[in-house]
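Colleague: Here you go, sequence then predicted model.
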Amino acid sequence: MSWKRIWAMFKARNYEFFRDKAAFGWNFLFPFLIIAGFGIIFGGRDYSGFKVGVFPSAAVPVSFADTTLPQKFISTEHIEFVGFKTFGEGLEKLKHHKIDFLVKLDSPTRQYWLLESSPKGYIVERLFQAGLIPDGVGYGEKVEVQGGEIRYIDWLFPGILAMNMMFSALWGVGYIIVRYRKNGVLKRLKATPLTAFEYLTAQAMSRIFLLVFTLVVVWLGSDLLFSFHVAGSYLDLLIVFVFGSLSLTSIGLLLAARGISEEFTSGALNFIAWPMMFLSEVWFSLEGAPQWVKTFSQVLPLTHLLQAARKIMNDGATLADVSGECFIMLATTLFCLMLGAALFSWND
Amino acid sequence: MLEVKNLIKRYKAVDAVNDISFSIPRGICFGLLGPNGAGKTTALEVIEDIIPPTGGEVLYNGAHRTSSFREEVGIQFQHTTLLNFMTVRETLATFHSLYQQTESIEHLVDICRLDDIQGQMNNKISGGQAQRLMLALALINKPKLIFLDEPSTGLDPQARRYLWEIIRNIKENGKTIILTTHSMDEAEYLCDEIAIMDHGKIIAQGSPADLIEQYCEGGTISLPRDNVKIHLAKLPYSYREVNGRIEIMPDKVNTGLEKLLAMQIDLAGMMVHSPNLEDVFLNLTGRTLRD
């Protein structure tokens, strides 16, 4: 193995990344925009509100001056009231799940409508009915938890970084290598003493460097806006992200081991990326999901990257605490790299 | 220097290369000449160790090719895309780093005439400049054996001639070259020895002069069709019609001219040309190289 040749290929790939202004810009802009967007929309909180449509109402915000609705229901937090002029308008929105519950403002019998299949509608119905019960004893004993809460954006942030890492690793390696094979770049390199192992090592190293570089830049930029809270060690977090980028990059290398069809590769990459995005808890927790979904998610390296990153960032875990996740990421790396190198073909 | 023995490359039902054998001594330019689809590129890529053979063997310096083979040969492919977003100079430097023994980049820039485009991105250079860069990359490891696959395809006449001069200079420096081409001009200008390929087989081999002497006895007398159309049935020689002219192929040009005069054929507009490799291919296959 020649480090001189690996270094030459490492530099060449980095030149390409940093000089492709469109791709370079997008790699930084995309995660930053998502983080900024979620931060602004949800104000750092989890989005779990309910939408209640009321009619007849033309005023914005809705006026409850002459309403028969119970005051306790109107003042319930996390309920957003949306006014409609007519019943028809409100019903249409209800049918399309734009609102969870529809109620008539001036009905003596307090008429309301909801979709039988809507869980949120059911909850709002219970809140509405509770609002009709006069205050009194029997409400249970309330104990408030002070401090230690995690903002939604703190929970989401590692997910967005990891998702960006996943797309960059899969497409930046998998798709690029297939394109190189198709247009003959790999064939030209095969004509040199460069070995497949050296080439793949250089590609993996380059991508990991770029992923970590992007991660640091996006983190610093986002932190200026949202001041993320990291309970654990930054170094541990960095190590976990390096392991994550290793495992994701190795999957990209495995997918790119053969083939010259960019279309097929794109489909295969999507086939891998989309389940990872939805089942690895990038956007939402899988608590409450069927057990087989949870079990399947444990096969995905992104799940382990996110579990480890969130444990360090949100719960203050150490590297030893997340050694299980790290082991799985490294095992994935080893398996995919070995299989990818064994299957690798320079030409069609 | 290189020996090819009973080489076969088969793709499903197609014999792209069908049992070819030849040997190439050190210091010559050897050409594989043939029309498109004759199997030249496939044969070359098997010899280069880019694709595996179905059968046969290739010996380099009397032995099977080892990992050092790639250190000692230079290859220019017919179709290659270079790395994006890199300059010509950076591309040379990158490939320079892949070999143990190397030529100086300055020397390559000089002999391949890349001085003016060193700072340009690979995707911004012309076809002729790209071919010269590819040639420089093929020479970057001071190769003993150089493979050039259709080196001048797609170039304008000036760029083509420019490239030929560079290749001749390389040859004069004692390098061994194997090139494929479907251009008889290129083969005649550059090659010391030629193997003519058709349908995956070598149908003739020798120096250009030997091949012409062996397969084309006389020259060609070309006349406007109107001059000879009423005499065609009685012509004592084979002929062909090309672009409104009749090309007559007598055994000897002098005798042929005497017979044409005896038949009182008008010789106005007559052209006489010596046989070339195109004629060799035509005589061997009944087709032209461009068919």
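Modeller: Sure, I can see it. Numbering: from 1, shown residues only, chains lettered A, B, ... in the order given.

Colleague: The residue lying closest to residue B:57 once chain neighbours are set aside: neighbour count?
Modeller: Nearest non-adjacent residue to residue B:57, counting by Cβ to Cβ, 6 or more residues apart in numbering or on different chains: residue B:5, 5.1 Å away. C-beta: built from backbone N, CA, C; applies to glycine. Summarising burial for residue B:5: neighbours were counted as other Cβ atoms under 10 Å in any protein chain shown, giving 14.

Colleague: Can you read off the pLDDT for residue B:5?
Modeller: Per-residue confidence for residue B:5 comes out at a pLDDT of 93.

Colleague: One more: residue A:145?
Modeller: The model reports residue A:145 with a pLDDT of 67.

Colleague: Run through the residues that contact residue B:265.
Modeller: Under the criterion of Cβ atoms under 8 Å, 6 or more residues apart in numbering or on different chains, the contact list for residue B:265 reads B:223, B:227-228, B:231.

Colleague: Relative to residue B:217, how far out is it?
Modeller: 21 Å (Cβ to Cβ, to the nearest Å).

Colleague: Same question for residue B:284.
Modeller: Taking Cβ to Cβ as the measure, residue B:284 falls 14 Å from residue B:217.

Colleague: What of residue A:269?
Modeller: Relative to residue B:217, residue A:269 is positioned 64 Å away (criterion: Cβ to Cβ).

Colleague: Looking only at neighbour counts, state which of the two leads.
Modeller: For the pair residue A:269 and residue B:217, the greater number of neighbours falls to residue A:269 (22 against 13), based on other Cβ under 10 Å.

Colleague: How about the contacts made by the more buried one?
Modeller: Contact criterion Cβ under 8 Å, 6+ apart gives A:170-171, A:174-175, A:252, A:255 as the residues in contact with residue A:269.

Colleague: and if you look at residue B:152?
Modeller: The contact partners of residue B:152, taken as Cβ under 8 Å, 6+ apart, are B:131, B:159-160, B:163-164, B:181, B:183, B:186.

Colleague: Determine the longest helix present in chain A.
Modeller: Longest helix in chain A by number of residues, with DSSP state H as the criterion: helix A:196-226.

Colleague: That one near chain B at all?
Modeller: No - Helix A:196-226 lies apart from chain B when judged by Cβ under 8 Å from any Cβ of the partner chain; the minimum separation is 9.1 Å.

Colleague: Let me know the next secondary structure element after that helix.
Modeller: Using DSSP states H and E, the helix or strand that follows helix A:196-226 in sequence is helix A:234-255.

Colleague: elements contacting that following helix?
Modeller: Under the contact criterion of 3 or more Cβ pairs under 8 Å, 6 or more residues apart in numbering or on different chains; DSSP states H and E, the helices and strands touching helix A:234-255 comprise helix A:152-169, helix A:196-226, helix A:262-279, helix A:301-315, helix A:323-343.

Colleague: Next, format these as a markdown table and append mean pLDDT.
Modeller: Rendered in a markdown table, the data for these read as follows (pLDDT from 0 to 100):
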| stretch | mean pLDDT |
| --- | --- |
| helix A:152-169 | 84 |
| helix A:196-226 | 87 |
| helix A:262-279 | 85 |
| helix A:301-315 | 90 |
| helix A:323-343 | 91 |
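
Colleague: Pull up the residues of chain A that are close to chain B.
Modeller: On the criterion Cβ under 8 Å from any Cβ, chain B has as its neighbours in chain A the residues A:4-5, A:7-9, A:11-12, A:15-16, A:19-20, A:183-185, A:187-194, A:346-347.

Colleague: now these: which count as buried?
Modeller: Using 16 or more other Cβ atoms under 10 Å in any protein chain shown as the burial test, those include A:5, A:8-9, A:11-12, A:15-16, A:183-185, A:187-194, A:346 as buried.

Colleague: Leaving out chain neighbours, which residue sits closest to the most centrally placed residue in chain A?
Modeller: Centroid-nearest residue in chain A, with Cα atoms, centre = their mean: residue A:282, separated by 2.9 Å. With sequence-adjacent residues excluded and distances taken as Cβ to Cβ, 6+ apart, residue A:282 is closest to residue A:159, at 4.0 Å.

Colleague: Could you give the number of residues near that neighbour?
Modeller: Once other Cβ under 10 Å is used to define contacts, residue A:159 is seen to have 23 neighbours.

Colleague: these two touch, right, it and residue A:278?
Modeller: No - with contact defined as Cβ atoms under 8 Å, residue A:159 does not count as touching residue A:278 (11.2 Å).

Colleague: Might you name the residue of the stretch 151-291 of chain B sitting closest to chain A?
Modeller: Using Cβ to the nearest Cβ, residue B:178 is the residue of the stretch 151-291 of chain B that sits closest to chain A, at 13.7 Å.

Colleague: what helix or strand does the residue in the stretch 201-348 of chain A positioned nearest to chain B sit in?
Modeller: Of all residues in the stretch 201-348 of chain A, residue A:347 sits closest to chain B, at 6.7 Å by Cβ to the nearest Cβ. Under the assignment given by DSSP H and E, residue A:347 is not contained in any helix or strand.
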